[in-house]
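Engineer: Attaching a predicted model along with its sequence, questions to come.
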Amino acid sequence: MADQPIGVFDSGIGGLSVLQALMAELPHERFVYVADSGHAPYGERGDAFVAERTHAIADYLLAHHHIKALVVACNTATAAAIHEVRMRYPQMPLIGVEPALKTAVAQSQTGRIGVIGTRGTLASAKFARLLDSLQGQAEFVIQHCKGLANAIEWSTGHPPASAAQNSEIHRLCQTYTQAMGPFGKGAGQIDSLVLGCTHYVFAVDELRAIVGSEIAFFSTGEPVARQTRRLLETQGLLAIPDQPDAAHLTQLLTTGALIDLQAAALRWLDLPAQQCSQANDLH
């Protein structure tokens, strides 16, 4: 099975930030990425809907692409359904994402940490358990950012006409960070910002311009990539390094508009349009 691909999926283009880290960490692996943009956004949906989509995509990737491992590159889907997928496919390496609170706690100097995410992630039992496990180690300021993932999704897929949407991204980032309180290195200030949605990585420039360059940002891509490597090594599933790099081995699929995925793939991964296609068999 070592030569079979790794499946990766998200509700849209946000998971490309995780795929980017995976391709850097595992340059000889093949990847099949599904952007479920036709059913986005997950973060504003109910758990039952997100779980249904997660199962459908996992089944699709196994049946049509014979994946050897699955990376759920979506915080909302991880929170809502990864435990069910793990029970359904106990032999398959399965990697989810979660807000990088533990890393932020280890590095914060003020002990006050901001966390931004979707309602689906921040209201989940999984996130509540993560918070409980860190009680007393830091103070967390939690902010649900309704609409931000959607705005990022739209602007990334429509770069020629994205000026207005980029302005909307900036407005949303400013509104939500201002609601969290002061950022900085002083006592009682937020010195760390955890990005609890994979889409938010693509708004780091806007966020940094608002909260300041001294604030530390924490995302999930690199830790997930390292965990994927560890699991593949443990099970003897690492690909034999007989290919130059993963960019030539990556296939991107979407349930939404193909042109949007092509624009995002070129913009964030420098991948050509011919590596993107419609997921016609995924419903």
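Structural biologist: The structure has been received and is ready for your questions. Residues are numbered from 1 along each chain as shown.

Engineer: in this structure, which residue is closest to the centre?
Structural biologist: Taking Cα atoms, centre = their mean, the centroid of the chain lies closest to Thr198, which sits 2.9 Å from it.

Engineer: Now do the phi/psi pair for that one.
Structural biologist: Thr198 adopts backbone torsions of phi -60, psi -20, taken as degrees, to the nearest 10.

Engineer: does it really touch Val72, like I thought?
Structural biologist: No. Thr198 lies out of contact with Val72 (Cβ atoms under 8 Å); the separation is 10.2 Å. Where C-beta positions appear, they are placed from N, C-alpha and C, glycine not excepted.

Engineer: Not counting sequence-adjacent ones, nearest residue to the residue nearest to the centre of the chain?
Structural biologist: Spatial nearest neighbour of Thr198, chain neighbours left out: Gly14 (3.8 Å); criterion: Cβ to Cβ, 6 or more residues apart in numbering.

Engineer: re earlier: so what's the residue nearest to the centre of the chain up against?
Structural biologist: Asp10, Gly14, Gly15, Ser17, Val18, Ala73, Cys74, Asn75, Val97, Ser219, Thr220, Gly221 (Cβ atoms under 8 Å, 6 or more residues apart in numbering).

Engineer: Am I right that Tyr33 sits in a helix?
Structural biologist: No. Using DSSP: H, G, I helix; E, B strand; the rest coil, the secondary structure at Tyr33 is strand, not a helix.

Engineer: Return the per-residue confidence for it.
Structural biologist: Residue-level confidence at Tyr33 comes out at 98, pLDDT.

Engineer: Which parts of the stretch 101-250 of the chain are strands?
Structural biologist: 112-117, 139-144, 192-195, 216-218, 250-254 (DSSP state E, counting those that start in this stretch).

Engineer: I'd like the ones you listed as JSON lines, with mean pLDDT, distance to Met1 and mean neighbour count appended.
Structural biologist: Shown next, in JSON lines, are the strands of the stretch 101-250 of the chain (pLDDT from 0 to 100; distance: least, Cβ to Cβ, whole Å; neighbours: other Cβ atoms under 10 Å):
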{"stretch": "strand 112-117", "mean pLDDT": "98", "distance to Met1": "34", "mean neighbour count": "25"}
{"stretch": "strand 139-144", "mean pLDDT": "98", "distance to Met1": "40", "mean neighbour count": "18"}
{"stretch": "strand 192-195", "mean pLDDT": "98", "distance to Met1": "33", "mean neighbour count": "26"}
{"stretch": "strand 216-218", "mean pLDDT": "98", "distance to Met1": "33", "mean neighbour count": "18"}
{"stretch": "strand 250-254", "mean pLDDT": "96", "distance to Met1": "18", "mean neighbour count": "23"}
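
Engineer: want to throw the ones you listed into CSV with distance to Ala40?
Structural biologist: Listed next are the strands of the stretch 101-250 of the chain as CSV, based on distance: least, Cβ to Cβ, whole Å:
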stretch, distance to Ala40
strand 112-117, 15
strand 139-144, 17
strand 192-195, 18
strand 216-218, 23
strand 250-254, 10
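
Engineer: between the ones you listed, which gets nearest to Gln178?
Structural biologist: strand 139-144 (9.9 Å; Cβ to Cβ).

Engineer: Quick one: distance of the closest one to the chain centre.
Structural biologist: In terms of Cα atoms, centre = their mean, to the nearest Å, the centre of strand 139-144 is set 19 Å apart from its chain centre.

Engineer: so what strands line up beside it?
Structural biologist: strand 112-117 (parallel) (DSSP bridges).
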